[in-house]
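> need a structure here:
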Amino acid sequence: MFPFFWPTEVKFPGADGNFQTISPASGWFSTTVNYKGSPEIEQRVANEIASNGKQLGIITEAVLELAGSKNGEKLDRLRDLNARIAEIKERTLSQMRREARDTLEALARRDKDEARQVAEQMLKQLS
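Numbering: from 1, shown residues only. Presented below is the predicted three-dimensional model:
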């Protein structure tokens with residue numbers, strides 16, 4: 001039987017402070033990875049330079065570029081993973097485009113001048 005009060009974090013002797021929190025977009029759960037690094041540095045790298053996902057994406061692209069047309073089970077798995085991630089990104093962008101268009105159209109139905117101002121502001125930001 002699964003105990004009601006199950007520990008959510010187990011600490012081993014000498015391991016205090018060696019944790020990296022990886023927060024999924026949902027925010028409901030947090031995965032903690034035990035590692036021997038500096039949480040402060042990891043946080044700054046993720047915030048100022050590149051997230052873990054961005055870093056892994058660059059590494060994946062580099063490995064696939066170096067592999068070229070070579071075949072192998074692990075390369076096939078990496079290519080499959082990369083393709084599935086690209087599909088998720090495209091679906092997300094497609095949904096964002098639809099939502100942005102729908103929102104601007106709804107604003108235009110209510111107030112064309114305001115919609116025009118928003119569109120002009122966006123065009124200036126994109127220039």
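
> Report the central residue of this structure.
Nearest to the geometric centre of the chain sits residue 53, at 5.5 Å (CA atoms, centre = their mean).

> pLDDT value on that residue, please?
What the model reports as pLDDT for residue 53 is 94.

> What is the helix or strand containing it packed up against?
For residue 53, the host element (DSSP states H and E) is helix 52-67. Counting contacts by 3 or more CB pairs under 8 Å, 6 or more residues apart in numbering; DSSP states H and E, helix 52-67 packs against helix 73-110. Quick note: C-beta positions are derived from backbone N, CA and C, even for glycine.

> Can you name the next helix or strand after the helix it packs on?
helix 112-126.

> Residue 48: neighbour count?
7 (other CB atoms under 10 Å).

> how near is it to residue 41?
To residue 41, residue 48 is 10 Å away according to CB to CB, to the nearest Å.

> Just the angle for the helix holding residue 53 relative to helix 73-110, thanks.
Per axes from the mean of the first three to the mean of the last three CA atoms, to 10 degrees, the angle that helix 52-67 makes with helix 73-110 is 130 degrees.

> Please enumerate residues in contact with helix 52-67?
Contacts to helix 52-67, defined as CB atoms under 8 Å, 6 or more residues apart in numbering, come from residues 22, 46, 50, 75, 78-79, 81-82, 85.

> Tell me the spacing between the residue nearest to the centre of the chain and residue 85.
Residue 53 is 9 Å from residue 85, by CB to CB.

> Pull up the overlap in contacts between the two.
By CB under 8 Å, 6+ apart, no residue touches both residue 53 and residue 85.

> Okay, domains of this protein per the record?
8-49, 50-126 (automatic domain parsing).

> which of these has the lowest average pLDDT?
With a mean of 68, domain 8-49 has the lowest mean pLDDT of the domains of the chain.
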